[in-house]
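Asker: what's the 3D shape of this:
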Amino acid sequence: MLTEFGRRAAILTGTLAMGIMVINGVLQNSNLLVVILQGVAAALFFGFGGLVVGNMLQSYVLNAARREAARIAIQKELEKEMKKQMEEQAEKADEEIDES
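Answerer: Next up is the predicted model:
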C-alpha cells in the first residue's frame with residue numbers, strides 16, 4: 001500500500017542516498033559508471049526502506065488518531081450517561097424530600 005507519506009519518504013531518502021553516493025564517488029575520483037551504479041543501488045535500497053518506514057509511520061499515526069477519536073467519543077457518551085444518572089438521582093432525592 002503506497003501512502004502519500006511513504007511515497008514522500010521514499011523520494012526523500014532515495015534522493016539523499018543518491019546524492020551522498022555521487023558526492024562520495026566524486027571525492028574519491030571513481031569511475032563515472034561505478035558512481036552512477038552505486039548511486040542508483042543506494043537510491044533503490046534506501047528508497048524502499050523509506051517507503052516501508054513512511055508507510056508504517058503513517059499507519060501508526062492514523063491508527064493512533066482513530067483510537068483517540070474513539071476514546072473521545074466514548075468519554076462523551078459516558079459523560080452524557082453520568083449526567084443523565086445524576087439528574088435521575090436528583091429527581092429521586094427531590095421526590096423523597098417532597099414526600100417527607
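
Asker: element containing the residue most central in space within the chain?
Answerer: Geometric centre of the chain, nearest residue: V61, 2.5 Å, by C-alpha atoms, centre = their mean. Using DSSP states H and E, V61 falls within helix 32-99.

Asker: which other helices and strands contact that helix?
Answerer: Judged by 3 or more C-beta pairs under 8 Å, 6 or more residues apart in numbering; DSSP states H and E, helix 32-99 is in contact with helix 4-27. Backbone N, C-alpha and C define where each C-beta goes, glycine included.

Asker: quick check: buried residues in the helix it packs on?
Answerer: By neighbour count with 16 or more other C-beta atoms under 10 Å, helix 4-27 contains the buried residues 5-7, 9-10, 13-14, 17-18, 21-22, 25.

Asker: which one of the residues you listed is nearest to A69?
Answerer: F5 (19.0 Å; C-beta to C-beta).

Asker: any idea how far I11 is from the closest one?
Answerer: 11 Å (C-beta to C-beta, to the nearest Å).

Asker: low-confidence ranges, this structure, go.
Answerer: Residue ranges of the chain with pLDDT under 70: 1-2.

Asker: contact partners for T15?
Answerer: A43 (C-beta atoms under 8 Å, 6 or more residues apart in numbering).
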